[in-house]
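J.: Output the structure for:
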Amino acid sequence: MNVGSLLSTNAVRFPTKSALIEGERRVSYSELNRRANKLANKLLSLGLRKGDEACLYFNNSIEFVEIYFALSKIGVIVVPINFKIKGKELYHIVRHSGEVAIREGALPG
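T.: Numbering: from 1, shown residues only. Now for the predicted structure:
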């Protein structure tokens, strides 16, 4: 069992229960699962495959959780990077992660 299958299970068990709350935004388990599945299919169509690594460089957000679950559902190894890391340290982490994809959610300017 992986993290993605846990979301699928909870989407069936608690479809209308809030899975995520960010300020005034609420996302139910079924909605989170639907969005993660849609994103997972898109990522597969872009060539990501089980065993690949993907760096996530995001602020804490609903979108971070959605892409984390999407990647988990297709077996991609998630490399979360603290969004406060900058410069040479960020370069070093990305260069040595073995990633095949980077999602720029909060790259500095």
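J.: for the most centrally placed residue in the chain, what are its contacts?
T.: Residue closest to the average C-alpha location in the chain (Cα atoms, centre = their mean): residue 68, at 1.9 Å. With contact set as Cβ atoms under 8 Å, 6 or more residues apart in numbering, residue 68 has these partners: 3, 56, 78, 80. Quick note: C-beta positions are derived from backbone N, CA and C, even for glycine.
J.: please redo it, this time with the cut-off set to 7 Å
T.: Counting by Cβ atoms under 7 Å, 6 or more residues apart in numbering, residue 68 touches 56, 78.
J.: The chain should start at 44 in everything you say after this.
T.: Fine by me, first position is 44 from now on; the one you just mentioned is residue 111.
J.: So which bits of the host helix or strand of it are buried?
T.: Assigned by DSSP states H and E, residue 111 belongs to helix 105-116. By 16 or more other Cβ atoms under 10 Å, the buried positions in helix 105-116 come out as 105, 106, 107, 108, 109, 110, 111, 112, 113, 114, 115, 116.
J.: and if you look at stretch 118-135?
T.: For stretch 118-135, by 16+ other Cβ under 10 Å, it's 119, 120, 121, 122, 124, 126, 133.
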